[in-house]
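**Q** how does the following fold in three dimensions:
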Amino acid sequence: MRIGELAQATGVATKTLRFYEETGVLPKPDRDVNGYRNYDHEFVDRINFVKDARSAGLTLREIANILELRDRGESTCHHTVGLLKSHLADVDRQIAELQRTRAQLVTMTRRAGQMDPAECVDPNRCQTIASNS
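**A** Next up is the predicted model:
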């Protein structure tokens, strides 16, 4: 199949497919006599793996590394699980930070609801945001 057909089969733009090829995420496909790229069905499977891995938060570099290991016939399970655990820990840290930010916003919003805007006289700060501590 040609690149447009591959793009349609996978839902990935042709520009992205070319980028994946340039960065090594996709191997260089065979070319027809006229120079057009010729992709087989294995490319569809590989791109679907890349999409799934991206949706799990893996970077293209991490994905390329997994695919390189796989292409060499090596097991990727332990390596991939390590990457996933690392990304999970990052997400947990981000969630904790977002929860702290949310709590602070709730506090500020409640404080703002109890304040009289006419009493805000400091030209350099908003009393809603400035803590009284």
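**Q** show me what secondary structure element comes after the helix or strand where E22 lies.
**A** Assigned by DSSP states H and E, E22 falls within helix 14-23. Under the assignment DSSP H and E, the closest C-terminal helix or strand after helix 14-23 is strand 30-31.
**Q** now the lengthiest helix in the chain: average pLDDT?
**A** The single longest helix within the chain, with elements called by DSSP state H, is helix 77-114. Summarised as a single mean, pLDDT over helix 77-114 is 95.
**Q** again, but for stretch 41-51
**A** On average, stretch 41-51 scores 95.
**Q** tell me the buried residues in the longest helix of the chain?
**A** 80, 83 (16 or more other Cβ atoms under 10 Å). In short, each C-beta sits where N, CA and C put it, glycine included.
**Q** and what of stretch 57-77?
**A** 58, 62-67.
**Q** I'd like to know how far the closest residue in space to D32 that isn't next to it in sequence sits from D71.
**A** Using Cβ to Cβ, 6 or more residues apart in numbering and skipping the chain neighbours, the partner closest in space to D32 is N38 (5.2 Å). Using Cβ to Cβ, to the nearest Å, one gets 19 Å for the distance from N38 to D71.
**Q** I'd like to know how far the residue positioned nearest the centre of the chain sits from Q114.
**A** For the chain, the residue nearest the mean C-alpha position is G57 (4.4 Å; Cα atoms, centre = their mean). According to Cβ to Cβ, G57 and Q114 sit 40 Å apart.
**Q** the residue nearest to the centre of the chain reaches H87, doesn't it?
**A** Yes - at 4.4 Å, G57 and H87 qualify as touching, with contact defined as Cβ atoms under 8 Å.
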